[in-house]
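Colleague: build me a model from this:
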Amino acid sequence: MNKELKGSAVFLITLLVYVLAEPFIAIFTDKLWIILLFKLLFVGAIIILLKDWFSFKLKFDFLAIVTGILIGVIWVLIDGFYTPFSVGSVKIYSSVDIILKIFVGIIIAPVIEEFFTRFFLHRYVQSKNWLTEKMGTYSFAPFIITTLFFGLSHNRWLAGIITGIILNLLWYRKKDMNSVIVAHGIANLVLGILVLTLGLWTFW
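Modeller: So this is what the prediction gives:
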């Protein structure tokens, strides 16, 4: 198996595990904290075991932080101006549920989603020999496909599309995974804070 094919399999499988982890564990328990803890530990372990693929240097990035704050605020501000795919129900969260929800949102989600969308998919659309493509290189087709993929994979699709555009632009500017991962994590943190302070539980 060549390296491009192996990498493609790595990112496709890890994305599937990330997406299916919660519904799979929900078959055995309805306790949200158990579901989230399993997802955090299991997907986190995969990231660590595949650290050669999920490799980035976490460092302070002012532009990424500002971008993340902007994205988090946009998700809330534009809500109500469009119809999401479905309207989430208001759930009662325990303190442990909330902590784990935030941890998954700022640790697991940014790494899995950004590596699949920008590190892999964007470059794969550019070339089947995608590992030879430089990170953060603009091309029209990958820009459109990754933006739509990111947007339409979220319930609030318009906010997702806008986020996909912003994160792509940040990636083109900074040309490294650290920036988009930090921005994504900050956005989820800001959204979590707004959910808690304003009672916007349907966002979760």
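Colleague: so which elements touch the helix or strand hosting Thr14?
Modeller: Here Thr14, judged by DSSP states H and E, is contained in helix 3-25. Counting contacts by 3 or more CB pairs under 8 Å, 6 or more residues apart in numbering; DSSP states H and E, helix 3-25 packs against helix 32-49, helix 109-114. For glycine as for every other residue, the C-beta is placed from the backbone atoms N, C-alpha and C.
Colleague: please redo it, this time with the cut-off set to 10 Å
Modeller: For helix 3-25, the elements it packs on are helix 32-49, helix 109-114, helix 123-126, judged by 3 or more CB pairs under 10 Å, 6 or more residues apart in numbering; DSSP states H and E.
Colleague: how distant is the second one from the center of its chain?
Modeller: Translated: helix 109-114. Offset of helix 109-114 from its chain centre (CA atoms, centre = their mean, to the nearest Å): 4 Å.
Colleague: list phi and psi for Ser153.
Modeller: phi -90, psi 0 (degrees, to the nearest 10).
Colleague: correct me, but it touches Gly164?
Modeller: Yes: at 9.3 Å, Ser153 counts as touching Gly164 under the criterion of CB atoms under 10 Å.
Colleague: which neighbours do those two have in common?
Modeller: Thr117 (CB atoms under 10 Å, 6 or more residues apart in numbering).
Colleague: more neighbours, those two?
Modeller: Gly164 (24 against 15; other CB atoms under 10 Å).
Colleague: tell me which other helices or strands the helix or strand hosting that one touches.
Modeller: Here Gly164, judged by DSSP H and E, is contained in helix 157-174. With contacts taken as 3+ CB pairs under 10 Å, 6+ apart, helix 157-174 sits against helix 62-77, helix 109-114, helix 140-152, helix 177-198.
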